[in-house]
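[1] Sequence and predicted structure below; questions after.
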Amino acid sequence: MGAGIAQLCIQAGLETVGREVTLELAERAQGGIAHFLGRAVEKGKLDAAERDAALGRLRLTTELADLAGCDVVIEAIVEELGPKRELFAALGGIVRQETVLATNTSALSVTEIAAAASRPERVVGMHFFNPAPLMPLVEIVRAELSSDDAVETAYALGQRLGRNPIRCHDTPGFVVNRVLIPLLNDCIRVLDESRVAPEDLDTAMTNGAGWPMGPCTLVDLVGIDVHVHASEALYEKLREPRMAPPPRLVAMKNAGLLGRKSGRGFFSYEKG
Ligand SMILES: NC(=O)c1ccc[n+]([C@@H]2O[C@H](COP(=O)([O-])OP(=O)(O)OC[C@H]3O[C@@H](n4cnc5c(N)ncnc54)[C@H](O)[C@@H]3O)[C@@H](O)[C@H]2O)c1
């Protein structure tokens with residue numbers, strides 16, 4: 001996610017610092033961005049000169065101190081509260097007073113992350129969708145102590161990045177996942193209840209409900225491990241049975257059937 005967000009920033013003309021835990025990981029992410037921009041050039045969607053200028057706006061580092069001059073820091077590290085709180089606490093001693101600190105968390109409480117920061121009023125959620133360069137939505141999440149100015153700065157940045165931002169409060173799953181996760185879980189339960197085949201369930205929802213993509217294809221694309229993790233997080237907070245991951249998905253995750261990224265989920269994917 002961090003690489004996708006960095007790509008959006010450099011394409012929008014923003015000088016960007018990409019911080020990773022090792023330089024090797026940072027260079028791999030940079031290589032990925034160069035690959036996607038190269039494909040855009042091949043397809044005639046981007047000038048080679050624009051690509052080179054965009055890539056020139058990305059500076060890589062492993063040092064948090066190199067974020068000192070940033071107006072906005074967007075965090076996209078592992079989805080665990082401890083490391084995120086540690087990072088937000090450390091950033092307080094590095095960035096300027098007015099810098100906005102945004103977290104891309106999908107399932108954690110932005111308020112709990114913000115509570116570790118020295119200036120929680122400067123902390124908001126900026127929840128991008130995967131892959132960030134292709135998905136237009138960004139949820140701008142107001143935590144309990146977020147200032148109006150921090151929320152509006154993040155909203156304006158979302159627009160500058162060519163996204164369609166929406167504003168919402170810090171509730172479990174925010175907007176899209178709060179609706180989509182139980183809905184996808186219902187779809188998976190229907191597989192067993194009505195004994196419909198995955199491809200037929202996808203046909204049902206695309207042809208009968210106007211979905212742009214069938215639920216099995218979507219869960220395979222998101223990653224079955226990612227979906228199970230998000231379901232567990234929502235269930236833990238809301239305790240609604242529909243939020244809990246269906247046993248069939250948990251079994252698939254445990255068997256390593258993770259969807260597109262592992263080559264097999266509800267469907268099989270040939271390499272390339
Ligand atoms: N993958 C998605 O579909 C998706 C969508 C929206 C939001 N998110 C959120 O974005 C964040 C990142 O998700 P991802 O899927 O890109 O995960 P990922 O595991 O692919 O990437 C996490 C990155 O954080 C780095 N990292 C790990 N520990 C760190 C630490 N202590 N300090 C600094 N960096 C550290 C890793 O090197 C890695 O590059 C999570 O909060 C996740 O919930 C993910």
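    Looks like it arrived, so ask away.

[2] I figured L64 hits I94, correct?
    Yes - contact criterion Cβ atoms under 8 Å: L64 and I94 qualify, at 5.7 Å. C-beta coordinates here come from the backbone N, C-alpha and C atoms, glycine included.

[3] With L137 as the reference, measure out to I224.
    Noted for I224: a distance of 22 Å to L137, by Cβ to Cβ, to the nearest Å.

[4] ok, the two, which is more surrounded?
    Shown here are I224 and L137; by other Cβ atoms under 10 Å, I224 has more neighbours (29 against 15).

[5] Tell me who's in contact with that one.
    L249, M252, K253, L257, L258, G259, G265 (Cβ atoms under 8 Å, 6 or more residues apart in numbering).

[6] Can you list the buried residues in the helix or strand hosting T217?
    Remark: T217 resides in helix 215-222, with elements defined by DSSP states H and E. Going by neighbour count (16 or more other Cβ atoms under 10 Å), the buried part of helix 215-222 is P215, C216, T217, L218, V219, D220, L221, V222.

[7] Helix or strand next in line after it, which one?
    Counting by DSSP H and E, the next helix or strand C-terminal to helix 215-222 is helix 224-238.

[8] Wondering if that following helix reaches the ligand at all.
    Yes - residues of helix 224-238 are located near the ligand by Cβ under 6 Å from any ligand atom, namely V226.

[9] Next, the angle from that helix to helix 215-222.
    Following axes from the mean of the first three to the mean of the last three Cα atoms, to 10 degrees, one obtains 100 degrees for the angle between helix 224-238 and helix 215-222.

[10] which of the residues in helix 224-238 are buried?
    By 16+ other Cβ under 10 Å, the buried positions in helix 224-238 come out as I224, D225, V226, H227, V228, H229, A230, S231, A233, L234, Y235, L238.

[11] what sits up against the helix or strand where Q30 lies?
    Assignment of secondary structure by DSSP H and E places Q30 within helix 23-42. Helix 23-42 is contacted by residues 2-3, 6-7, 10-11, 18-20, 46-48, 51, 54-55, 58, 60-62, 133 when judged by Cβ under 8 Å, 6+ apart.

[12] Give the ChimeraX command for selecting the buried subset of those.
    With 16+ other Cβ under 10 Å as the criterion, this ChimeraX line picks the buried residues out of those:
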select :2,3,6,7,10,11,18,19,20,46,51,54,55,58,60,133
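
[13] Which of the contacts of helix 23-42 fall within helices?
    If you go by DSSP state H, the contacts of helix 23-42 have G2, A3, A6, Q7, I10, Q11, A48, R51, A54, L55 in helices.

[14] Buried residues in stretch 191-199, which are they?
    For stretch 191-199, burial by neighbour count (16+ other Cβ under 10 Å) applies to L191, P198.

[15] tell me the mean pLDDT for it?
    Mean per-residue pLDDT for stretch 191-199: 96.

[16] Using PDB, list the CA coordinates for it.
    The C-alpha coordinates for stretch 191-199 follow below in PDB (Å, rounded to 0.1, in the frame of the first residue of the first chain):
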ATOM      1  CA  LEU A 191     -22.000 -21.000  -1.200                       C
ATOM      2  CA  ASP A 192     -22.600 -23.700   1.400                       C
ATOM      3  CA  GLU A 193     -26.300 -23.100   2.200                       C
ATOM      4  CA  SER A 194     -27.600 -23.100  -1.400                       C
ATOM      5  CA  ARG A 195     -24.800 -25.300  -2.700                       C
ATOM      6  CA  VAL A 196     -24.200 -22.900  -5.600                       C
ATOM      7  CA  ALA A 197     -20.800 -23.200  -7.400                       C
ATOM      8  CA  PRO A 198     -18.400 -20.200  -6.900                       C
ATOM      9  CA  GLU A 199     -18.600 -19.300 -10.700                       C
END
